[in-house]
Structure formats: C-alpha cells, structure tokens
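A.B. asks: based on what follows, work out the 3D shape:
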Amino acid sequence: MTYINVRISGVPYAKTKTTGNTAAPQAWTTAVQSQTKNLPTVDGPCMMRVTFLLPPDKFAKDFPFGPDIDNYLKRFQDAIKGTIFRNAPGGDSCIIHIEASKVRVDSIADAGVHLEVLPHVAA
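C.D. replies: This next block holds a predicted model:
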C-alpha cells in the first residue's frame, strides 16, 4: 500500500439535513468520491488521519467547539469506502487506528478535509 496524503476540497457535512440546503450532504459525499477515485487503493490494515477543515458557520453559539466529529467521520468513511477502500476485504473495516480532528478555517473556500492513510506495520 502507498502512503496517501491529500486535501479534499468542499464543505464537510455529517448527516442528512432537513432544513436549509438539504442537498449539501450528498454534494459533499459526491465531492469526496470524485476527488478520491483516482488515488491509490488500500488492500490491507491501515491507519488514517483525518482533519476536518470547517468554515465558521459550523461553529454555532450553542456549539462553540463545532459539531460532533463522529458524525462527520461516518459520512466521510462511507464516501471513501467505494474509492480508496474498494479493494480492501471488509471495506473501511481495514482501518485499525484512526486519528480525527476538526479545525475552524476562515472561509468556505478553505473548507475540506486533510486525509492521510498509512500502512499498518505489525510490531
């Protein structure tokens, strides 16, 4: 497996929206799939680092630290299951270690994800 280090552009979304731009979560999934479809594939155990780059509107007054990161991870992993994990037995279950973080960026233009996937080397 090759080391993957890529920035994926777009505004990250978690679950389905019932108000506002209800098409935005699916648009994010499509953007992730489009930007990862030509990356190397994973076929064995790996470690993954994900940094969600979230625009200011994701940090509401009642959520000053931003949205729940686990919900963002679920949609993101589902999106890359058919791209970089398409050759891995069990799909994204090949991830044996994950580090996830979220940071506030200045604008929608800066939003996205920084993704690193590293092969797992048994000790």
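
A.B. asks: on the three-state scheme, the residue nearest the centre of the chain is what?
C.D. replies: The centroid of the chain falls nearest to Phe76 when counting by Cα atoms, centre = their mean (3.7 Å). The three-state label given to Phe76 by DSSP: H, G, I helix; E, B strand; the rest coil is helix.

A.B. asks: same thing with Ser101?
C.D. replies: strand.

A.B. asks: that one: how many residues sit nearby?
C.D. replies: 11 (other Cβ atoms under 10 Å). Using the backbone N, CA and C atoms, a C-beta is placed for each residue, glycine as well.

A.B. asks: and it, how far from Ser107?
C.D. replies: The spacing between Ser101 and Ser107, counted by Cβ to Cβ, to the nearest Å, is 19 Å.

A.B. asks: which stretches in this structure count as helices?
C.D. replies: For the chain, the helices defined by DSSP state H cover 24-36, 69-80.

A.B. asks: save those as JSON lines, and put in distance to Val121 too.
C.D. replies: Below are the helices of the chain laid out as JSON lines (distance: least, Cβ to Cβ, whole Å):
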{"stretch": "helix 24-36", "distance to Val121": "23"}
{"stretch": "helix 69-80", "distance to Val121": "21"}
